[in-house]
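> Here you go, sequence then predicted model.
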Amino acid sequence: MFGPYRRWKTNRSRISHSIRSTAPERVTVVIHAFYPELLDEMLGLLSGWDVPYRVGVTTVPERVAEVKRSLARLDVSGECFVFENRGRDIPPFMRVANELLDADEELVLKLHTKRSLRRGDGDVWRRDLLLKLRLLNRICG
């Protein structure tokens, strides 16, 4: 079994025992920024949230500078995690998820700067999903 997945499976019982009926103090948002040019759109969504949040961005080495510029431009104090582009966004997320477990984070929202090139309506689809997250904040926030 692949390294990060093995640890995740080992921690499965720890996760199920830590589920509470009260809301967590904050949401940890992990964004995979393979397309950093879409990162501003997602960070802009988060800036309108009433709910406290922590941001972590996973990306590939050749896009780190662009990701850091976006975080700085929008004044977001987020962490940047760099991984080679193997297995798309899942192995990076699993590694970051393990760190989040160790830090006792309780609620994680995973986002992806997805660009659906095979769909003619990919941008519309992405914006619709982000709009629904904004509406969820209004309902729950």
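That came in fine, so what should we check first?

> helix or strand for the closest residue to residue 119 other than its chain neighbours, which one?
The spatially closest residue to residue 119, leaving aside those adjacent along the chain, is residue 125, at 6.4 Å (Cβ to Cβ, 6 or more residues apart in numbering). Quick note: C-beta positions are derived from backbone N, CA and C, even for glycine. In this assignment (DSSP states H and E), residue 125 forms part of helix 122-140.

> Which residue ranges of this protein form helices?
Counting by DSSP state H, the segments of the chain that form helices are 3-10, 12-17, 39-47, 64-73, 90-102, 122-140.

> right, and residue 43 touches residue 70 too?
Yes: here residue 43 lies in contact with residue 70, judged by Cβ atoms under 8 Å, at a distance of 6.5 Å.

> who touches both of the two?
Here residue 43 and residue 70 share the contacting residues residue 76, scored by Cβ atoms under 8 Å, 6 or more residues apart in numbering.
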